[in-house]
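Enquirer: what follows is a predicted structure for the sequence shown.
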Amino acid sequence: MPTQKILRQGAIALMGLELGLACAYFFAMVQRGTVPVMLDFNGLRTLPSLLQAAHLFAIGGLCLVLLGQRSRLQAPYSWYLPTALAILCIFGGIDELTKLHLTFDQINWKFLYLGLLTAIPILSWQDLVWLWRTHRITLIRVATGMAIFLGGGFGAEFLKGAIATATTQNSAEAAAWAEYLRITVEEFAELCGETIILYAFVAFTIKVLAQPTPPEPTPA
């Protein structure tokens, strides 16, 4: 079976698992107002939390692999892009496991992450131009995953106050259901977006590793 097909099926299966976890969380909260500890999307080191941390560590690890394999390409990307992404993902994975953003709640972590995510493409625009010209499908996959991650994750967080105000005027039950749905959409979007990004990075890494290492220049 071709590698790309295996990767595609694995990504679909992983997103199916994430959707199942999201549905289990939502319906358990609606019916009982509580959920088993390991299925809690807001919990520390629960199954969804561990899965998200695994995504981030895997992407960060692949970035380090790509950093060490730059020499395989005739027109290699800069060292900055994989290094910055590796640091961001590994720190994000540690944050997911330890909930640092809750310990140091005086820092606006949402805007900090958004600022870093904005700075990376600005400072590495030449790499993005190169990727668009030579590996367009990889860039589209990463952009799609990032859009889902940011749109669902950060978007749901920004709408938290507005949703609570609108639903509280109707009933406390409606407000609770809306909050459960908001958390479900936020966390599933983050997991799904990370899965798409991880799939893109794995596929791209395989392509890079398949490239033969250029021969050393012959001394004059």
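Expert: Received, thanks.
Enquirer: got any ranges where the chain has weak pLDDT?
Expert: 1, 101-102, 105-106, 109, 156-170, 213-220 (pLDDT under 70).
Enquirer: which SSE is the residue nearest in space to the middle of it in?
Expert: In the chain, the C-alpha nearest the mean C-alpha coordinate belongs to Glu194, at 2.8 Å (CA atoms, centre = their mean). Secondary structure from DSSP states H and E places Glu194 in helix 172-210.
Enquirer: same for that helix, what does it pack against?
Expert: Helices and strands touching helix 172-210, as assessed by 3 or more CB pairs under 8 Å, 6 or more residues apart in numbering; DSSP states H and E, comprise helix 3-32, helix 47-68, helix 136-148, helix 155-158, helix 160-168. In short, each C-beta sits where N, CA and C put it, glycine included.
Enquirer: pick the most buried one from those.
Expert: helix 47-68 (a mean of 19; mean count of other CB atoms under 10 Å).
Enquirer: and the next element down the chain from it?
Expert: Next along from helix 47-68, by DSSP H and E: helix 80-98.
Enquirer: which helices and strands does that next one pack with?
Expert: Counting by 3+ CB pairs under 8 Å, 6+ apart, helix 80-98 packs on helix 47-68, helix 109-123.
Enquirer: in it, what counts as buried?
Expert: For helix 80-98, the neighbour count (16 or more other CB atoms under 10 Å) marks 81-82, 84-86, 88-90, 92-93, 95-97 as buried.
Enquirer: Ala86 and Val65 touch, don't they?
Expert: No: applying CB atoms under 8 Å, one finds Ala86 not in contact with Val65, separated by 9.4 Å.
Enquirer: what is the burial count for Ala172?
Expert: For Ala172, the neighbour count with other CB atoms under 10 Å is 9.
Enquirer: likewise for Val208?
Expert: By the measure other CB under 10 Å, the count of residues near Val208 is 17.
Enquirer: show me what contacts the nearest residue to it once chain neighbours are set aside?
Expert: Sequence neighbours aside, Gln69 is the residue nearest to Val208 in space, at 5.2 Å (criterion: CB to CB, 6 or more residues apart in numbering). With contacts taken as CB atoms under 8 Å, 6 or more residues apart in numbering, Gln69 has the following neighbours: 205, 208-209.
Enquirer: okay if I get the buried residues of helix 80-98 as TSV plus distance to Arg182?
Expert: What follows is these, written out as TSV (distance: CB to CB, whole Å):
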residue	distance to Arg182
Leu81	33
Pro82	34
Ala84	31
Leu85	28
Ala86	31
Leu88	25
Cys89	25
Ile90	28
Gly92	21
Gly93	24
Asp95	21
Glu96	19
Leu97	23
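Enquirer: between these, which is nearest Glu186?
Expert: Of all those, Glu96 has the smallest distance to Glu186: 13.7 Å, by CB to CB.
Enquirer: against Phe26, how distant is that closest one?
Expert: 21 Å (CB to CB, to the nearest Å).
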